[in-house]
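Q: sequence first, predicted coordinates after that:
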Amino acid sequence: MMEPEKPKTPDAGTASSGQTLHEMLRWVEEEPGRILEAFPGLPFAEQLGVLLLTPGQLRQDLLLSSPLAGELVPMLPEQEVYLTLKEIGFEDALPILSLMTREQLHYVNDLEAWHKERFEAATFLKLIKMIHQCGEDKLADWLDAADPEILVLFLKEHGSVTKFDVTADPVETPVPHGSITYDGFYRYYPTRPEFAPLIDPILRILKTSNPEQYGMVMESTYRDLPSEIEEEALRFRSERLSEKGMPGFEEACEIYRPLTDEKFIEYTAEAPSNREPCTEIPALYPIRWLPADSFLREVLAALADHPETDRIRTELASLGNKVLIAEGMDVTSGEPLKGALKKVADTLTLALEHLAGKNVQEAASWLTRAWLHHLFRLGMSQTRKLAERARRVRDRAGFPWIDRFHLLADSPLDDTLRGLLKPRPLFYEGPGKEGLAEFRDFAGMEDLRLSEARVSATEAIADLFSAHLHASPERIKQVCLEAGLGDQLDRVGWSQVLQTAWVHQTLTGQPEFRPLTPAEAQQFLREAFVGVSGTSARKLDPQFTHTLLLWTLDRAGSPGEAPKEIIREWIQSGTTRIEEELEGLDPEKPIDSRFVKCLCIRGETLTEGQR
């Protein structure tokens, strides 16, 4: 019988394999029933290509329909198979589990049976039971390849081992109840009776298929310390995962090291132009999970037939794993991995747009010449530069107060600084549910430019307050405390300070920050609010906002047009708030400072008649 045609190179099964494959992929998205019907008749390479781009349950359905399933599953990358099992559920994925190779099962066990650096014997037992359901031959093959240390840890967790006492009379010594032995020398005692029927077949199969391994495992279970065995097992696991793009924590964090433009260009120039082609089929889940409208996806589409495509796909998966580990995410779940890959796509987009703008062909050229690891570091460095500016301006935009640092900058400037000052700088997107600030990764240069404009506006306002209002953060704090506003200090912001100073300008012709007395606030209400023709309503005189805008922008320096627009919107937002809070008040009655947030007003107790 002829062997089915297998792909000679990884790209034989990718999305550029021909018109038929493109048609199949369209069916995957739009007509899954049609692809199920056509799939069994496709050549091996095209079946593999379709499988790599299909989600979990459909992938299993396609495999069950194919006469080549036994050859297809071993060709799938370990992480692709693992994600398929997680998506379907291990109990429902036995048809795939039964066809997996030792290496694929090792990968599953290395992720599932460990929690960080601790072996999880209960999870390992569940995996063993599922492999056993695929047949004793399958379990025997897996046990033959399993690390002896893992089996020792498992047996120690669920019981203990004794050895035959050569001094005892074998006739007179009764066989202990509940023990398991298959050589008469080592005897295993489960800690609980219900463990016996689960562990018995494991020991029987191991003794039958690999007596030497059986002896080593039982001897080690008898005499070795669990901590030493676990350390050795962890070392073997770490080495395997590292080879599959799942490095240790320290190595994973390397992707966050800053990289200058000059160093990036130097590294790219040193990269070999004749890299060895990828020898393994790349995992394609990073491509499946990229947003359809993302710039990175557009760039990758331009490289569909390029010889570097498989290398790029492999590095995408590796970067996703590094982010997963560096961020302490759950490596056994698909959703955190999707989040990690979103961060990878966003950061690579930031780097590519920094290098090539929105030019797809130029960005594609950088992808083929540079290592994605270096591109990711370059993208992260763009946010780091801005974070350094945010760190410098922070002390000029706030002050320590009780157990925290109080920012005087108003939204969105304050939240922009908070996002940039996180351990991994984040973009402030705006208020989310319940009014809480929403942060996310920088998704491109547009996000970076907006944040730069906000930081520049913050710098300009900080300079303005110090140079022209003599109102540094510490001075603002001191004035508020002297005015008896200590209980309101955490609500004081730059907008209140500027509006209060401009009220003094309206009343005295001199802008200064000094909390208003209730009488001054009442006078402002009479002088700055004008009647609306034909109604009894009163509105803030537009001249108040106009003169404040002119004064502020004239003294804000030259931060750029975008920062000036932010400052303009900030001032208009503040004066709008004054109008909203004060327009309904009676100018003939004293203002109760407890209900005014837009200005700094000294508190005075009002009599019943004044209210």
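A: Yep, that arrived. Remember, it's a predicted structure, so these values are computed and weren't measured experimentally.

Q: residues near Gly33, how many?
A: 8 (other C-beta atoms under 10 Å). All C-beta spots, glycine's among them, are computed from the backbone N, C-alpha and C.

Q: pretty sure it sits in a helix.
A: Yes. Going by DSSP: H, G, I helix; E, B strand; the rest coil, the assignment for Gly33 places it inside a helix.

Q: do you know how far it is from Leu62?
A: Here Gly33 is placed at a distance of 12 Å from Leu62 (C-beta to C-beta, to the nearest Å).

Q: for Pro336, what are its contacts?
A: Leu324, Met329, Asp330 (C-beta atoms under 8 Å, 6 or more residues apart in numbering).

Q: which of the helices or strands spans the residue lying closest to the first one once chain neighbours are set aside?
A: If I follow you right, that is Leu324. Spatially, and ignoring its direct neighbours in sequence, Leu324 is nearest to Ala340 (4.4 Å; C-beta to C-beta, 6 or more residues apart in numbering). Secondary structure assigned from DSSP states H and E places Ala340 in helix 334-356.

Q: quick one, the very next helix or strand once past that helix and helix 334-356 angle?
A: Tracing the chain C-terminally past helix 334-356 and defining elements by DSSP H and E, one meets helix 360-369 next. The directions of helix 360-369 and helix 334-356 differ by 110 degrees, with axes from the mean of the first three to the mean of the last three C-alpha atoms, to 10 degrees as the criterion.

Q: packing partners of helix 360-369?
A: In terms of contacts (3 or more C-beta pairs under 8 Å, 6 or more residues apart in numbering; DSSP states H and E), helix 360-369 is packed against helix 295-301, helix 334-356.

Q: in TSV, list those helices along with mean pLDDT.
A: Converted to TSV, the helices and strands packed on helix 360-369 look like this (pLDDT from 0 to 100):
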stretch	mean pLDDT
helix 295-301	90
helix 334-356	92
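
Q: pipe those helices into CSV and attach distance to Glu232 per row.
A: What follows is these, written out as CSV (distance: least, C-beta to C-beta, whole Å):
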stretch, distance to Glu232
helix 295-301, 41
helix 334-356, 28
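
Q: tell me the most buried of the ones you listed?
A: helix 334-356 (a mean of 22; mean count of other C-beta atoms under 10 Å).

Q: the strands in the stretch 1-150 of the chain, which residues?
A: Per DSSP state E, counting those that start in this stretch, the stretch 1-150 of the chain has strands spanning 114-115, 118-119. These are given in chain order.

Q: name the SS class of Val530, please.
A: Judged by three-state DSSP, the three-state class of Val530 is strand.

Q: what's the distance between the closest residue to it other than its chain neighbours and Phe513?
A: Computed as C-beta to C-beta, 6+ apart, the closest residue to Val530 that is not its neighbour in sequence is Asp541, at 5.1 Å. If you measure Asp541 against Phe513 using C-beta to C-beta, the figure is 21 Å.

Q: ok, these two, which is more surrounded?
A: Neighbours around Asp541 and Phe513, counted as other C-beta under 10 Å, are more numerous at Phe513. The numbers are 20 against 15.

Q: quick check: phi and psi at that one.
A: Backbone dihedrals for Phe513, given as degrees, to the nearest 10, come out at phi -90, psi 110.

Q: show me the shaky parts of this structure.
A: Low-confidence regions of the chain, defined by pLDDT under 70, span residues 1-26, 165-177, 272-280, 604-611.

Q: ok now stretch 299-312, how far from the chain's centre?
A: 25 Å (C-alpha atoms, centre = their mean, to the nearest Å).

Q: before we move on, what about stretch 338-345?
A: Computed by C-alpha atoms, centre = their mean, the separation of stretch 338-345 from the middle of its chain amounts to 6 Å.

Q: over to stretch 562-577?
A: For stretch 562-577, the distance to the chain centre is 33 Å (C-alpha atoms, centre = their mean).

Q: and what of stretch 538-554?
A: Chain-centre distance of stretch 538-554: 44 Å, with C-alpha atoms, centre = their mean.

Q: thinking again about what came up before, just checking, which of the contacts of Pro336 belong to helices?
A: Leu324 (DSSP state H).

Q: and the contacts of Pro336, which is closest to Val497?
A: Out of the contacts of Pro336, the one with the shortest distance to Val497 is Met329. That distance is 41.9 Å, counting by C-beta to C-beta.
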